[in-house]
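Trainee: Show me the folded form of this:
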Amino acid sequence: MLKIKEIFKSYHNGKKELEVLKGIDLNIRKGSFVAVVGPSGAGKSTLLNIIGGLDTPNSGKVFFEEKNLYALGEERLATIRNREIGFIFQFYHLLPEFTVLENVLMPALINRNILKTKSQLRDDAAHLLEGVGLSQRIGYFPNQLSGGEKQRVAIARGLINKPKLLLCDEPTGNLDSSTGREVISSIKGLSLENNMTVVLVTHNNELAKNADCVYCLKDGILMS
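Mentor: Numbers count the residues shown, from 1 in each chain. You can find the predicted model right below:
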């Protein structure tokens, strides 16, 4: 479902050009769980952002279900990001003025293509929160949650539109090892349950072992 061909990405740092990705090629089949490991600064997040249509490569192509993402207009790309790709970030990015349930609902309320009532969407969000063990926290606000609970809210939010592809950027980076294992276990279980493709980037080699396939990103080169 995902083909990445000859992706190059560099940034200008003063007069210098910093090459981050140097011709990345990767094929990912539907329903697989893929991990990309590597040290901080290796370009893992940059690669994930390019796969998800959040950052533009200098050159190369990303095919999502045979659609070349960077040949699409911005409106069409934004629609795919909202409806078909879920994102889980290291720093949660929960909206502090909204409850747990409202945070999970946010992407669905933005998705104008969903033919469900608000009541049905609330039921979907409540079901997801139950699935990640937060049924008792629905009315809480983010500042009332632990780090692990916040990350599980972010997982539920990333799944509310039933994405075909879930992109996880260091989702356990701010968690202790035990909670991190629980979060990865939740993601893997949901992937299997929904035949959802997952791409996880992490510096934690132990957590990466949960994936079906592990790649290493080093010096801008991706190696299996």
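Trainee: Name the residues of the helix or strand harbouring R83 that come out as buried.
Mentor: Secondary-structure assignment from DSSP states H and E places R83 in helix 74-84. The neighbour-count criterion (16 or more other C-beta atoms under 10 Å) identifies L77, I80, R81, N82, R83, E84 as the buried residues of helix 74-84. All C-beta atoms are positioned from the backbone trio N, CA, C, and that covers glycine.
Trainee: CA-only coordinates of the helix or strand that it is followed by in PDB, if you can.
Mentor: Remark: after helix 74-84, the chain's next helix or strand is strand 85-88, criterion DSSP H and E. Extracted C-alpha coordinates of strand 85-88, given in PDB (Å, rounded to 0.1, in the frame of the first residue of the first chain):
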ATOM      1  CA  ILE A  85      -3.700   8.500   7.700                       C
ATOM      2  CA  GLY A  86      -3.500   8.600  11.500                       C
ATOM      3  CA  PHE A  87      -0.700  10.200  13.500                       C
ATOM      4  CA  ILE A  88       0.700   9.600  17.000                       C
END
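Trainee: Just the mean pLDDT for strand 85-88, thanks.
Mentor: For strand 85-88, mean pLDDT rounds to 90.
Trainee: And for stretch 9-26?
Mentor: Across stretch 9-26, the average pLDDT comes to 89.
Trainee: ok, and what's touching that stretch?
Mentor: Contacting residues not belonging to stretch 9-26 are listed as 2-8, 43, 46-47, 50, 55, 57-58, 60, 215, 219-222 [C-beta atoms under 8 Å, 6 or more residues apart in numbering].
Trainee: go again using 10 Å as the cut-off
Mentor: For stretch 9-26, the external contacting residues (C-beta atoms under 10 Å, 6 or more residues apart in numbering) are 2-8, 34, 36, 41-47, 49-51, 55-60, 62, 199, 213, 215, 217, 219-222, 224.
Trainee: Which residues are in contact with the residue nearest to the spatial centre of the chain?
Mentor: Computing the C-alpha centroid of the chain and ranking residues by C-alpha atoms, centre = their mean puts L167 first, at 2.2 Å. Residues in contact with L167, defined by C-beta under 10 Å, 6+ apart, are 47-49, 51-54, 81, 85-89, 158, 197-201.
Trainee: if you set the cut-off to 6 Å instead, what comes out?
Mentor: Residues near L167 by C-beta atoms under 6 Å, 6 or more residues apart in numbering: L48, G52, F87, V199.
Trainee: That one falls within a helix, correct?
Mentor: No: judged by DSSP: H, G, I helix; E, B strand; the rest coil, L167 forms no part of a helix; its state is strand.
Trainee: Report pLDDT for the residue lying closest to it once chain neighbours are set aside.
Mentor: Closest residue to L167 apart from its sequence neighbours, by C-beta to C-beta, 6 or more residues apart in numbering: G52 at 4.9 Å. Among the per-residue scores, G52 holds a pLDDT of 93.
Trainee: so G52 touches I88, yeah?
Mentor: No: using C-beta atoms under 6 Å, G52 and I88 do not qualify as a contacting pair, with a distance of 10.9 Å.
Trainee: Kindly export stretch 73-81 (C-alpha atoms) in PDB.
Mentor: In PDB, the C-alpha atoms belonging to stretch 73-81 read as follows (Å, rounded to 0.1, in the frame of the first residue of the first chain):
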ATOM      1  CA  GLY A  73      -2.900  19.400  -4.800                       C
ATOM      2  CA  GLU A  74      -2.700  20.600  -1.100                       C
ATOM      3  CA  GLU A  75      -6.500  20.300  -0.600                       C
ATOM      4  CA  ARG A  76      -6.500  16.700  -1.800                       C
ATOM      5  CA  LEU A  77      -3.400  15.900   0.300                       C
ATOM      6  CA  ALA A  78      -4.900  17.400   3.400                       C
ATOM      7  CA  THR A  79      -8.000  15.300   2.800                       C
ATOM      8  CA  ILE A  80      -6.000  12.100   2.700                       C
ATOM      9  CA  ARG A  81      -4.000  13.100   5.800                       C
END
